[in-house]
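J.: sequence-free structure coming up:
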């Protein structure tokens, strides 16, 4: 097994362990990212699935480095906003009731980081409900699309 695949699997197991503390029904998706017979078939989408309401499809991403801007801004702000995408730490998201309900950023604690989708959009595929991201030796972040 490749080093990158091992790293990805380790990240999925780490996030799964965190999620199972609050949502015991969370499970790893077998063959995640594998073949999709049609564009609309989401049966194998996501790395972690939480089936019971509210349902969540979670994508897990690990990076060797980068994203320093996000981490630095999250030291000063609880939540960052870019268009309809939001990012905060996984711990803050869970403390706000995340994975038990859909979480919204309160305007008083947010910082808008511009409309350039490349900062968050490249990480958020749109098929998953949330993306958990961790750069090596940093804490887990979560990115989600806010629905109004």
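T.: All right, it came through fine. If you're wondering where the values come from, they're calculated on a predicted model, not measured in any experiment. Numbers count the residues shown, from 1 in each chain.

J.: Can you list the strands that the longest strand anywhere in the chain pairs with?
T.: Secondary structure of the chain read by DSSP state E shows that its longest strand is strand 56-63. Counting by DSSP bridges, the strands paired with strand 56-63 are strand 48-50 (antiparallel), strand 130-135 (parallel).

J.: So for this protein, the centremost residue is which one?
T.: Using C-alpha atoms, centre = their mean, the residue of the chain that lies closest to the mean C-alpha position is residue 131, 2.0 Å off.

J.: Surely that one and residue 63 touch.
T.: No: Residue 131 is beyond contact range of residue 63, at 11.6 Å (criterion: C-beta atoms under 8 Å). For every residue, glycine as well, the C-beta is placed using N, CA and C.

J.: now the helix or strand encompassing residue 74, how far from the centre of its chain.
T.: In the assignment (DSSP states H and E), residue 74 maps to helix 68-76. From the chain centre to the centre of helix 68-76 is a distance of 16 Å (C-alpha atoms, centre = their mean, to the nearest Å).

J.: same check, this time on stretch 82-94
T.: Centroid separation for stretch 82-94 versus its chain: 8 Å, with C-alpha atoms, centre = their mean.

J.: Pull out the buried residues from that stretch.
T.: Within stretch 82-94, the residues that count as buried by 16 or more other C-beta atoms under 10 Å are 82, 85, 86, 87, 88, 89, 90, 92, 93, 94.
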